[in-house]
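> generate a structure from the sequence data that follows.
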Amino acid sequence: MASTELDKAPRQQPGQAVDPQEEPSVEWGWHGGFPKGIQIAGWFSTFAMVMMLIGNHQGILSGGNGFTSADIWLIGIAAVMAIGLIYDLRRRKFSWRR
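Have a look, this model is predicted:
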């Protein structure tokens, strides 16, 4: 009987949620995310969006007459990003209770 690659592959460990056949990176220990990195990059990006209000366009913080469409977009996108980051933080904080 000829052997195949599937016969040679190691069996899945009982505590392992991911099948090594489907995700080969599990065998050498890489299968996850960067929860702290996502939060840091997200808050940095949100801060950068707010800081774009201070620039060389004539917006609300740059001596203009009022809100421009660029200001509205920057504030709106920054708010959506902040809400998403807070939701992600709360979801991760209370995920152990399930």
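> residue 43 touches residue 85, doesn't it?
Yes - with contacts counted by CB atoms under 8 Å, residue 43 reaches residue 85, the gap being 6.3 Å. (C-beta placed from N, C-alpha, C; glycine too.)
> these two: which is more packed in?
The neighbour count for residue 43 versus residue 85, taken as other CB atoms under 10 Å, is higher for residue 85 (17 against 14).
> quick check: which element contains that one?
Element membership of residue 85 [criterion: DSSP states H and E] is helix 69-93.
> now for that helix, which elements pack on it?
The helices and strands touching helix 69-93, judged by 3 or more CB pairs under 8 Å, 6 or more residues apart in numbering; DSSP states H and E, are helix 35-51.
> give the buried residues for the helix it packs on.
42, 46, 49, 50 (16 or more other CB atoms under 10 Å).
> point out where the chain drops to low pLDDT.
Judged by pLDDT under 70, the chain has its weakly predicted residues at 1-32, 56-64, 95-98.
> repeat that for 90
Residues of the chain meeting the criterion pLDDT under 90: 1-38, 50-72, 74, 89-98.
> okay, buried residues for the helix holding residue 85 please.
Within helix 69-93, the residues that count as buried by 16+ other CB under 10 Å are 70, 71, 74, 75, 78, 81, 82, 85.
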